[in-house]
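>>> Fold the following for me, if possible:
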Amino acid sequence: MARIPGVEPSQASWFIRFAYWMTKRKIGRVVLPVKIMAHQPRLVFGYGQMEMAQAALHSLDETLKELASIKVATMIGCPF
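Numbering: from 1, shown residues only. Model (predicted):
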């Protein structure tokens, strides 16, 4: 459990609510790290830029990107 409470949608700005919607669309739910990052909207913006840049990268096959993502998640113990 995190020591910092996450930002709830009722307390969030329109930008953070949009980020929550995008996260929910991509993952299926709003995960706690995103809620904690929401305390600093510029951090959420930078994280979103990084995610979009990685998604737009077409130099690798999509299957290889997914396999690398699964391997990294397994190595660090990420549940999703």
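
>>> where's residue 69, which helix or strand?
helix 62-76 (DSSP states H and E).

>>> for that helix, the distance to its chain's centre please.
15 Å (Cα atoms, centre = their mean, to the nearest Å).

>>> same deal with stretch 51-62?
Using Cα atoms, centre = their mean, the offset of stretch 51-62 from its chain centre is 15 Å.

>>> Low-confidence ranges, the protein, go.
1-2, 80 (pLDDT under 70).

>>> What segments of it are helices?
14-27, 32-37, 41-56, 62-76 (DSSP state H).

>>> Go through those and name the closest to residue 5.
helix 32-37 (8.2 Å; Cβ to Cβ). (C-beta placed from N, C-alpha, C; glycine too.)

>>> So which elements touch that closest one?
Judged by 3 or more Cβ pairs under 8 Å, 6 or more residues apart in numbering; DSSP states H and E, helix 32-37 is in contact with helix 14-27, helix 41-56.

>>> Swap in 7 Å and give it another go.
For helix 32-37, the contact count by 3 or more Cβ pairs under 7 Å, 6 or more residues apart in numbering; DSSP states H and E identifies helix 41-56 as packing neighbours.
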